[in-house]
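A.B. asks: Give the three-dimensional model of this entry:
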Amino acid sequence: MLLKLLILDRDGVINHDSDAYIKSVEEWLPLPGSIEAIAQLSKAGWTVAVATNQSGIARGYYDLAVLEAMHERLRELVAEQGGEVGLIVYCPHGPDDGCDCRKPKPGMLKAIAGHYAVPLAGVWFVGDSLGDLEAAKAVDCQPVLVKTGKGEKTLGKTLPVGTLIFDDLAAIAAELIHN
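C.D. replies: As a prediction, the model looks like this:
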């Protein structure tokens, strides 16, 4: 059976975003309905992976142990709802480090595809920023914009052709599960 893969950005899609960075588990607060949406997708047979820029590590705002604790919290909350989170990949680099993983570069999406041994063509990548949508386009993913996080602001920019737009993760879950 073909793997049903959905890839999510983290900050602004799953949890509240902050211009001051999410620096602790206490500051990592899920958006309303996002945990339930991931659990529903998981229970409906979707593999939900996460690709997140985390330049706060390069900037020294928090360390890998804190990042892992945030992701452990995400996994616990989704598990409480009967679902599971797939692979979580992150870019720890700053914007000037010249890495291949920091979105809008598609390195993290390629890593997820490699992990699951699936092609990325047509896989939905959900984000709230232009960088997310550009990363999706670079590897032939379907760019999907949510209006949470920076999404409303991103709506005012020139979006990649064919970008789908949803209010939030719950609306995406409803679409994928019921249609």
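A.B. asks: Give me the pLDDT for residue 1.
C.D. replies: On pLDDT, residue 1 comes in at 53.
A.B. asks: swap in the one 10 residues further on?
C.D. replies: For residue 11, the model assigns a pLDDT of 98.
A.B. asks: OK, contacts around residue 102?
C.D. replies: 53, 55, 91, 93, 95 (CB atoms under 8 Å, 6 or more residues apart in numbering). (C-beta placed from N, C-alpha, C; glycine too.)
A.B. asks: Where does confidence bottom out across these?
C.D. replies: pLDDT is lowest at residue 95 among the contacts of residue 102; the value there is 93.
A.B. asks: re earlier: could I have the buried ones of the contacts of residue 102 as PyMOL selection syntax?
C.D. replies: Per 16 or more other CB atoms under 10 Å, the buried members of the contacts of residue 102 correspond to this PyMOL selection:
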select buried, resi 53+55+91+93
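A.B. asks: Tabulate the contacts of residue 102 (TSV), appending distance to residue 28 and secondary structure.
C.D. replies: What follows is these, written out as TSV (distance: CB to CB, whole Å; DSSP: H, G, I helix; E, B strand; the rest coil):
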residue	distance to residue 28	secondary structure
53	15	strand
55	16	helix
91	17	strand
93	20	coil
95	22	coil
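A.B. asks: Please produce CSV containing the contacts of residue 102, extended by distance to residue 18.
C.D. replies: Output for the contacts of residue 102, formatted as CSV (distance: CB to CB, whole Å):
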residue, distance to residue 18
53, 14
55, 13
91, 18
93, 19
95, 17
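A.B. asks: I am finished for the moment; much appreciated.
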